[in-house]
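**Student:** Sequence plus predicted model, see below.
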Amino acid sequence: MERYYQKDIECADREQIRAWQSEKLVRQVQHVWNDVPYYREKMKEAGVTPDDIHSVDDLHKLPFLSKADLRDSYPYGLLGCDLKKCVRIQSTSGTTGRRVVAFYTQHDIDLWEDCCARAITAAGGTDEDVCQVSYGYGLFTGGPGLNGGSHKVGCLTIPTSSGNTQRQIMFIRDLNTTILCCTPSYAAYLGESMKEMGLTPDEIPLKAGIFGAEAWSEEMRQDIQKTLGIKAYDIYGLTELSGPGVAFECSAQNGMHINEDHFIAEIIDPDTGEVLPEGSQGELVFTSLDKEAYPLIRYRTRDICTLSYEKCSCGRTHVRMGKPRGRSDDMLIIRGVNVFPSQIETVLLNNGYPANYQIIVDRVNNTDTLDIHVEMTPEMFTDQLGEVSRRQKELADGMKSMLGIKANITLVSPKSIERSEGKAVRVIDRRKI
Ligand code: DLL
């Protein structure tokens, strides 16, 4: 039986959703015009005022916001209300340049936690469940967001945060954790560790996992589901909009429903900014409709995916986004060819390798090189050179047909690639471009 957290909203008809969006958009544009001088200037430059915005049909008239705008206006430039009204900040890891600092009023946190509660309920969660939140707590949104959602659903919440794998497993077993929330790469690592301890899937009390914050393939999902004996649900979100729960998967496991009562989604051509028709692949752009403290209009996520308005078997009516195949800035250009790490992962998993790999890109004599280090499992481990080179060639052939370029494959021994407790770092780009 499908469960809903806010059924009237999650299953509302499309006209109703559109009416909510139009009404909220008009209000939100007025809000940023009045309260966010940075965006008002952008609107003036684009020759648009709140009087031009009557419904969702007028959205395209509004200027985009990019990550560069967020950095330029750090820390208070995009704040939409009196700082006194704000009760929290969250922040991105800021690996490139300045951090993004997002502000929240109590109302913003409340709606964000509702979104996470919808995701947990869609994964079958009720007040009978024990929900272990193994995303990082702190500035990262994963821990706090799912923690709040889990409380709202009434689950017994175990706020382990990430890391300390032995303790994670101890709590899962001793407290009968039924729902696990963490990154897919950490879920795979937990599965691997439990397998090594000799635990079979039916000795693990988990029934569902809510995994996101990084790109992961369908093959990786199958792998995790098998090792942990669970149903694995994808969840998407970003700090700039709130955090996890912008979109989440239902029992159909076929795309993530975007919480359209709070966010309008568009797909645009990343080069021209043109809005693309349904089904096209492009960059995902969001407008937040309810945020008080950090209201973003037409924010370019740089995530590449598709949207589908097709009816879903779960009864929800909100649009579904496909799995992002990585950010447009995760995309590598190697010898002029576009390569996404997720394509490499698909080849590995299709050939029976777990998703423990590292991609090393370099430039030698003005030519790009692509090296992929792939870990063998203990079961497949061999040190027979002939066999190793046969397998390396097999993988190299698979990569060539997936990517269209040559990759050098090196099989490495089990456990030699460092595991991640949060978002996995898969790419080392040594080119000095
Ligand atoms: O990763 C929020 C989050 C926490 C989502 C826990 C899900 C679970 P940021 O650190 O701001 O926020 O990173 C946002 O991560 O633009 C995507 O590129 C990527 N991302 C998030 N979820 C997914 C997903 C959190 N399910 C950025 N699949 C986003 C693929 C994802 N990529």
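**Tutor:** Thanks, I have it.
**Student:** Can stretch 353-369 be said to contact the ligand?
**Tutor:** No. Stretch 353-369 stays clear of the ligand (CB under 6 Å from any ligand atom), getting no nearer than 13.5 Å. The C-beta positions use only the backbone N, C-alpha and C, and glycine is treated the same way.
**Student:** Let me see the mean pLDDT of that stretch.
**Tutor:** The pLDDT scores in stretch 353-369 average 91.
**Student:** same check, this time on stretch 37-48
**Tutor:** On average, stretch 37-48 scores 98.
**Student:** Buried residues in it, which are they?
**Tutor:** 38, 39, 42, 43, 48 (16 or more other CB atoms under 10 Å).
**Student:** Among these, which are located in helices?
**Tutor:** Judged by DSSP state H, the subset of those located in helices is 38, 39, 42, 43.
**Student:** tell me the contacts of the last one?
**Tutor:** Neighbour list for residue 43: 32, 33, 49, 62, 63 [criterion: CB atoms under 8 Å, 6 or more residues apart in numbering].
**Student:** Just give the nearest non-adjacent residue to the third one, would you?
**Tutor:** Spelled out, it's residue 49. residue 43 (6.7 Å; CB to CB, 6 or more residues apart in numbering).
**Student:** hmm, back to that, buried subset of the contacts of residue 43, written for PyMOL?
**Tutor:** Filtering the contacts of residue 43 down to the buried ones (16+ other CB under 10 Å) takes a single PyMOL command:
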select buried, resi 32+33+62+63
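**Student:** Tell me how many other residues crowd residue 104.
**Tutor:** Counted with other CB atoms under 10 Å, residues neighbouring residue 104 total 24.
**Student:** name the helices or strands packed onto the strand or helix carrying it?
**Tutor:** Using DSSP states H and E, residue 104 sits within strand 101-105. With contacts taken as 3 or more CB pairs under 8 Å, 6 or more residues apart in numbering; DSSP states H and E, strand 101-105 sits against strand 86-91.
**Student:** Domain boundaries for this protein, per the record?
**Tutor:** As assigned by automatic domain parsing, the chain contains the domains 7-328, 333-429.
**Student:** This protein: helices as residue ranges?
**Tutor:** Ranges of helices in the chain, per DSSP H, are 7-10, 14-35, 37-45, 67-72, 106-122, 142-153, 165-174, 184-196, 218-228, 341-350, 385-403.
**Student:** out of the ones you listed, which comes closest to the ligand?
**Tutor:** With CB to the nearest ligand atom as the criterion, the ligand lies closest to helix 142-153 of these, at 3.4 Å.
**Student:** How about the residues of the stretch 101-250 of the chain by the ligand?
**Tutor:** 135, 141-142, 212-215, 234-239, 243-244.
**Student:** Show me which residues of the stretch 251-400 of the chain sit near the ligand.
**Tutor:** Counting by CB under 6 Å from any ligand atom, the stretch 251-400 of the chain sits next to the ligand at 301, 303, 324, 327.
**Student:** contacting residues for residue 420?
**Tutor:** 183, 185, 186, 189.
**Student:** Excluding chain neighbours, what is closest to the second one?
**Tutor:** Yep, that's residue 185 we're talking about. Residue 185's closest residue in space is residue 424 (CB to CB, 6+ apart), at 3.9 Å.
**Student:** What of the third one?
**Tutor:** Of all residues not flanking residue 186 in the chain, residue 421 sits nearest, at 5.4 Å (CB to CB, 6+ apart).
**Student:** residue contacts, residue 311?
**Tutor:** Counting by CB under 8 Å, 6+ apart, residue 311 makes contact with residue 317.
**Student:** Same question for residue 172.
**Tutor:** 132, 180, 190, 204, 205, 206.
**Student:** tell me the two of those residues that are most distant?
**Tutor:** Checked with CB to CB, the contacts of residue 172 reach their widest spread between 190 and 205, with 13.1 Å between them.
**Student:** Those two: which has the busier surroundings?
**Tutor:** residue 190 (26 against 15).
**Student:** Just the buried residues out of the residues of the stretch 101-250 of the chain next to the ligand, in ChimeraX syntax.
**Tutor:** A single ChimeraX command selects the buried members of those (16+ other CB under 10 Å):
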select :135,141,142,212,213,214,215,234,235,236,237,238,239,243,244
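**Student:** And the strand holding residue 104, how far out from the chain middle?
**Tutor:** For strand 101-105, the distance from its own C-alpha centre to the chain's C-alpha centre is 19 Å (CA atoms, centre = their mean, to the nearest Å).
**Student:** that older thread, can you tell me which of the domains of the chain is most buried?
**Tutor:** With neighbours defined as mean count of other CB atoms under 10 Å, these peak in mean count at domain 7-328, which reaches a mean of 19.
**Student:** any idea how far residue 396 is from residue 412?
**Tutor:** Distance, residue 396 to residue 412, by CB to CB, to the nearest Å: 15 Å.
**Student:** rank the domains of the chain by mean pLDDT and give me the bottom one.
**Tutor:** domain 333-429 - the lowest mean pLDDT of the domains of the chain, at a mean of 92.
**Student:** before we move on, the earlier item: among the residues of the stretch 251-400 of the chain next to the ligand, which ones are in strands?
**Tutor:** 301, 303 (DSSP state E).
**Student:** right, and out of the residues of the stretch 101-250 of the chain next to the ligand, which lies closest to residue 227?
**Tutor:** Nearest member of these to residue 227, counting by CB to CB, is residue 234, at 17.1 Å.
**Student:** Tell me which residues touch the closest one, please.
**Tutor:** Applying CB under 8 Å, 6+ apart, the residues near residue 234 are 211, 212, 216, 221, 248, 249, 253, 256, 323.
**Student:** Nearest spatial neighbour of it, chain-adjacent residues omitted?
**Tutor:** Closest to residue 234 by CB to CB, 6+ apart is residue 249, at 4.6 Å.
**Student:** Name the residues linked to the one you found by a beta bridge.
**Tutor:** Judged by DSSP bridges, the bridge partners of residue 249 are residue 256.
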